[in-house]
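J.: for reference, the sequence and a predicted model appear below.
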Amino acid sequence: MSKNSDRRSALDFMPVKKNLTQLRRAAAACEGCPLFANATQTVFGAGAAAARLVFVGEQPGDQEDRAGKPFIGPAGQLFDAVLAEVGLERKAVYVTNIVKHFKWIPRGKRRLHAMPTAREVDACRPWLEAEIAAIEPDLIVCLGATAAQGILGREFRVTRQRGEICERPGGPSVLATFHPSAILRAPDEAARHAMRRGFVHDLKSAAKFLQRHSVAQRERHKKRV
């Protein structure tokens, strides 16, 4: 690979108009990092264009790569179940990944998830930044360490700071929690139950944040009237 190709990123494929429709169309042709070569297709975000809550995972999995839709496999099913449990609707939120192509290694006939490198995350980050700018959410929920460190910095540790609301000047607040796939991979049933309870707690915190934010916005509006 040439030095020039090493420096490529999503910025080289960014459209002039950056609404979600144009971004999705442009991302389908992205070759900003080597991951496009082995993926079936780009898996862009999906959901409400005016969502107040955006969920960001690491990358699409095998089923998502084949279907072209985020969070539809086993982790997506757990995610949907917990959303319903805390009173959030999938159609009212926006779900995406910090990396838009599936990175995998072969194991016989199976394709196993492989963690994206910092270079691959950095190359793909402009798509996420453009999605967030187009949506203008009140809160971003990072699912897992890769998403959290990609947004909050590499010093961020989900194990220490999970569930905390991080305020960011000039941008939406951020909360980091477990990735649903990590819950499914827990070593035993007790660990899975404990992680799931934590995940439910964190999503309840996200829902409460949105409620408080709505009240604050209404109060500010009353003062202006």
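T.: Noted; the coordinates are in hand.
J.: now do the strands in the protein.
T.: Taking DSSP state E as the criterion, the chain contains strands spanning 46-47, 53-57, 94-97, 104-107, 110-113, 139-143, 165-168, 171-177.
J.: quick one: list the elements packing against the longest one.
T.: Contacts defined by 3 or more C-beta pairs under 8 Å, 6 or more residues apart in numbering; DSSP states H and E place strand 171-177 against strand 139-143, helix 145-152, helix 158-161, strand 165-168, helix 189-224. For every residue, glycine as well, the C-beta is placed using N, CA and C.
J.: hey, C-alpha coordinates of the first one in CSV?
T.: Taking only C-alpha atoms (Å, rounded to 0.1, in the frame of the first residue of the first chain), the coordinates of strand 139-143 have been written out as CSV:
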residue,chain,number,x,y,z
LEU,A,139,-26.9,12.7,24.1
ILE,A,140,-24.5,10.1,22.6
VAL,A,141,-24.3,6.6,24.2
CYS,A,142,-21.1,4.8,23.4
LEU,A,143,-21.4,1.1,23.3
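J.: and it, average pLDDT?
T.: Mean pLDDT, computed over strand 139-143, is 98.
J.: tell me the contacts of residue 59?
T.: For residue 59, the contacting residues are 97, 98, 99, 100, 101, 102, 103, 113, 116, 146, by C-beta atoms under 8 Å, 6 or more residues apart in numbering.
J.: which one of those residues is nearest residue 17?
T.: residue 100 (18.8 Å; C-beta to C-beta).
J.: how about the nearest residue to that closest one, chain neighbours excluded?
T.: Counting by C-beta to C-beta, 6 or more residues apart in numbering, residue 100 lies nearest to residue 42, which is 5.0 Å off, once chain neighbours are set aside.
J.: all set now, cheers.
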